[in-house]
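>>> show me the folded form of this:
(2 chains)
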Amino acid sequence: MTAKKWLKTPKGYVTIAMIFYLLIASFVSKDIAGIQNAFVAVFVSVIVDILCRIVKKRKWSMPDSAIITGFIISLILSTTSSVGVVAGTAVMAILSKYLLVYKKKPIFNPAAIGLLLSILFFHSAQSWWGAFGDLPAWTIAFLLIGGYTITNRVNKFPQLFAFLGVSFLLLLLIGYFNIGDEVDALRPPFINATLFFGFFMLTDPPTSPGKDKDQVIFGILTAVAGTIIYGLFGGLTYLYLGLVFGNVYSFLKKRSASKASMNRSDVKKNRSLLTDR
Amino acid sequence: MAKLDRKWVVLCSAAVTAVYAAGYFSTEDEAAKTTLRQQPPINIQTQADQTSLSESKNQSKKSLYKNGTFTGMGENRRGSIEVAVTIQNDKITDVEISDFAMHYSESDVVGLPDEVLQNQNAQVTNVSGATYSTEAFQDAVQAALDQALNI
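Down below sits the predicted model:
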């Protein structure tokens, strides 16, 4: 595949968006530490991805998804994170891609799992600086432009709207009935995190469903689980944990579809055997 | 899997934006209250020494800080921390995190009060990588020390 063709693929789109966000956020905040972290995260992700492919005896292909995972990790981890934390997060993310699999496809979004484990094991600070969490609110326009372009490219609008709509609705209800601290979730940097997450992590094709109806259920499930966790515990893990629920739903859906198709082919085989007799 | 019609994309976007706006504006009062709550109090001297007026005047000439317990608040976009700093004869004798409202784990800053006692100032090292909590803590201690300044 030529570079020109690759740039038009969904992975090409996401990579360009991530590089663009990395440069904008670094330039506006006048801090190059994030770019250094991006080099570390992408480098480690690619190396671990190549090693896993060799161990699993998979055929060679460009590690573009590992590059994206590395970029996402570096854009979310605080720019003050140590090299060890950035590298460790990248290693866990890529390992999850090869260890937690169904039919060679990852069950969970690698970046989300890596970042979730990073909080648990390293107490990593996650600022979502690449989602412009520390910058003026108008920079959210960049997220919307990039996010809509990618969501359109991968046909994931149903799950995006279901996720955002239900998340905001639940936060509105929490606010109306005064049963939790929803104020922060609707404001930067949390709203930046929600949008970045919805556009670039939720829409990951291998770990989310394809059919419109399944996409809507996936989006609702992720939003409900995430918002309940936010309402009960606060913190920063709610988006990842919500996605874990969504990913499990997507996995179960794929597995049941696969079983149903196997059963159908078994019935066909048995019928053909009977008619042969 | 057919692409969602552009008309539906616009309609759904408008609906999601409307729900978001309703949530945002309905919580504006609460957000304003939170901001007000997070303003450092003008002067909270909860445990000032019971000294005579002359002694107090004498002390105010010599010492940098007033004796007593002073509270300070540090905040950023990730939450806020309130500390209570006790000062006796220009020495920080106790630091307590009286309110932790960050979106990170409190364990990240649990060792920082001891560091303030050791250093005898608001500067602490960010060993855990919890930059935002550390910054909020430092600001809170500094705010408390500013309250205690004998001016």
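>>> name the helix or strand for B:Q138, please.
helix B:131-148 (DSSP states H and E).
>>> for that helix, packing partners?
strand B:68-76, strand B:79-88, strand B:91-102, helix B:112-119 (3 or more C-beta pairs under 8 Å, 6 or more residues apart in numbering or on different chains; DSSP states H and E). The C-beta positions use only the backbone N, C-alpha and C, and glycine is treated the same way.
>>> let's see it at 6 Å
strand B:68-76, strand B:79-88 (3 or more C-beta pairs under 6 Å, 6 or more residues apart in numbering or on different chains; DSSP states H and E).
>>> just how off-centre is it within its chain?
6 Å (C-alpha atoms, centre = their mean, to the nearest Å).
>>> do the same with stretch A:265-273
Counting by C-alpha atoms, centre = their mean, stretch A:265-273 comes out at 40 Å from the chain centroid.
>>> contacts for that stretch, please.
Where contact means C-beta atoms under 6 Å, 6 or more residues apart in numbering or on different chains, no residue beyond stretch A:265-273 reaches it.
>>> next to chain B, which bits of chain A? Give me the list.
With C-beta under 6 Å from any C-beta of the partner chain as the criterion, chain A meets chain B at residues A:78, A:80-81, A:123, A:125, A:155, A:157, A:161, A:164-165, A:168-169, A:171-172, A:175, A:183, A:186, A:189, A:210, A:234-236.
>>> how many neighbours does A:A141 have?
Residues near A:A141, counting by other C-beta atoms under 10 Å in any protein chain shown, number 10.
>>> sorry, that was for A:S65
There are 22 residues near A:S65, going by other C-beta under 10 Å.
>>> which of the three states applies to it?
helix (DSSP: H, G, I helix; E, B strand; the rest coil).
>>> picking that back up, list only buried entries from the residues of chain A next to chain B.
A:78, A:80-81, A:125, A:155, A:157, A:161, A:164-165, A:168-169, A:171-172, A:175, A:183, A:186, A:189, A:234, A:236 (16 or more other C-beta atoms under 10 Å in any protein chain shown).
>>> in helices only, show me the residues you listed.
A:157, A:161, A:164-165, A:168-169, A:171-172, A:175 (DSSP state H).
>>> one step back: adding mean neighbour count, write the helices and strands packed on helix B:131-148 out as a markdown table.
A markdown table is the format used below for those (neighbours: other C-beta atoms under 10 Å in any protein chain shown):
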| stretch | mean neighbour count |
| --- | --- |
| strand B:68-76 | 22 |
| strand B:79-88 | 22 |
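>>> same list, these, but as JSON lines with distance to A:I47 and mean pLDDT please.
Formatted as JSON lines, the helices and strands packed on helix B:131-148 follow (distance: least, C-beta to C-beta, whole Å; pLDDT from 0 to 100):
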{"stretch": "strand B:68-76", "distance to A:I47": "35", "mean pLDDT": "92"}
{"stretch": "strand B:79-88", "distance to A:I47": "36", "mean pLDDT": "92"}
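>>> what packs against the helix or strand where A:F71 lies?
Using DSSP H and E, A:F71 sits within helix A:64-76. Contacts defined by 3+ C-beta pairs under 6 Å, 6+ apart place helix A:64-76 against helix A:10-29, helix A:33-55, helix A:83-99, helix A:110-122.
>>> what average pLDDT does the third one get?
Looking at helix A:83-99 alone, the average pLDDT works out to 97.
>>> quick one, what contacts the residue of chain A at minimum distance from chain B?
Nearest residue of chain A to chain B, counting by C-beta to the nearest C-beta: A:L172, 3.8 Å away. Residues in contact with A:L172 (C-beta under 6 Å, 6+ apart) are B:22-23.
>>> how much space separates the closest residue to chain A within chain B from A:I217?
Evaluated by C-beta to the nearest C-beta, chain B has B:G23 as its residue closest to chain A, separated by 3.8 Å. Counting by C-beta to C-beta, to the nearest Å, the gap from B:G23 to A:I217 is 23 Å.
>>> higher neighbour count, these two?
B:G23 (23 against 19).
>>> was I right about that one contacting A:F168?
Yes. If you go by C-beta atoms under 6 Å, B:G23 and A:F168 touch, sitting 5.4 Å apart.
>>> for the longest helix seen in chain A, buried residues please.
The single longest helix within chain A, with elements called by DSSP H, is helix A:238-276. Buried positions in helix A:238-276, judged by neighbour count with 16+ other C-beta under 10 Å: A:238-247, A:249-251, A:253-254.
>>> next: stretch B:20-31.
For stretch B:20-31, by 16+ other C-beta under 10 Å, it's B:20, B:22-24, B:27.
>>> please apply the same query to stretch B:94-101.
In stretch B:94-101, counting by 16+ other C-beta under 10 Å, buried: B:95, B:97, B:100-101.
>>> now swap in stretch A:131-147 and tell me
Buried, per 16+ other C-beta under 10 Å, within stretch A:131-147: A:131-135, A:139-140, A:142-143, A:146-147.
>>> would you turn those residues into CSV with distance to B:R78, pLDDT and secondary structure?
Output for these, formatted as CSV (distance: C-beta to C-beta, whole Å; pLDDT from 0 to 100; DSSP: H, G, I helix; E, B strand; the rest coil):
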residue, distance to B:R78, pLDDT, secondary structure
A:A131, 14, 95, helix
A:F132, 15, 94, coil
A:G133, 9, 87, coil
A:D134, 10, 85, coil
A:L135, 14, 90, coil
A:T139, 17, 93, helix
A:I140, 17, 95, helix
A:F142, 21, 96, helix
A:L143, 19, 96, helix
A:G146, 24, 96, helix
A:G147, 23, 96, helix
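>>> make CSV out of these and add distance to A:I24.
Below are the buried residues of stretch A:131-147 laid out as CSV (distance: C-beta to C-beta, whole Å):
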residue, distance to A:I24
A:A131, 11
A:F132, 7
A:G133, 13
A:D134, 12
A:L135, 8
A:T139, 7
A:I140, 12
A:F142, 6
A:L143, 10
A:G146, 10
A:G147, 14
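>>> what angle separates whatever helix or strand A:I150 lives in from helix A:10-29?
Following DSSP H and E, one finds A:I150 within helix A:140-153. Per axes from the mean of the first three to the mean of the last three C-alpha atoms, to 10 degrees, the angle that helix A:140-153 makes with helix A:10-29 is 180 degrees.
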